[in-house]
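Colleague: What would the 3D arrangement of this be:
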Amino acid sequence: MTLRFIGTTSEHGNCPTLYEVVETGDIVVQGDQLTDGEHFAQLRDLGVHETAVVIPRELLARFAPKE
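Modeller: Numbering: from 1, shown residues only. Sure thing, here's the model as predicted:
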């Protein structure tokens with residue numbers, strides 16, 4: 001899998017960041033892991049191999065693909 005950097009709103013290399021999987025066009029999100037138990041419990045159908053990350057809306061508004 002090859003990742004292409006899309007963009008970030010953070011400074012000094014810290015997350016959050018968006019990447020595109022070159023082969024599929026899928027988006028990979030890098031961010032702080034959601035650890036608040038109350039919020040985590042509200043997620044739907046979270047698989048045992050999945051996690052959730054928190055990213056600012058500005059990152060998606062600025063860099064997320066429009067297609």
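
Colleague: Not counting its own residues, what contacts stretch 23-33?
Modeller: Residues outside stretch 23-33 that contact it (CB atoms under 8 Å, 6 or more residues apart in numbering) are 1-3, 6, 15-21, 51-55, 64-65. No exception for glycine: its C-beta is placed from N, CA and C like everyone else's.

Colleague: For this structure, which segments are assigned as strands?
Modeller: 3-8, 17-21, 27-30, 32-33, 53-54 (DSSP state E).

Colleague: Could you identify which of these is most buried?
Modeller: A comparison of those by mean neighbour count, using mean count of other CB atoms under 10 Å, puts strand 17-21 on top with a mean of 18.

Colleague: For that strand, name the packing helices and strands.
Modeller: strand 3-8, strand 27-30, helix 57-63 (3 or more CB pairs under 8 Å, 6 or more residues apart in numbering; DSSP states H and E).

Colleague: Pick out the residue nearest the middle of this structure.
Modeller: For the chain, residue 29 is the residue whose C-alpha lies nearest the centre (CA atoms, centre = their mean; 2.1 Å).

Colleague: With that, I have no additional questions.
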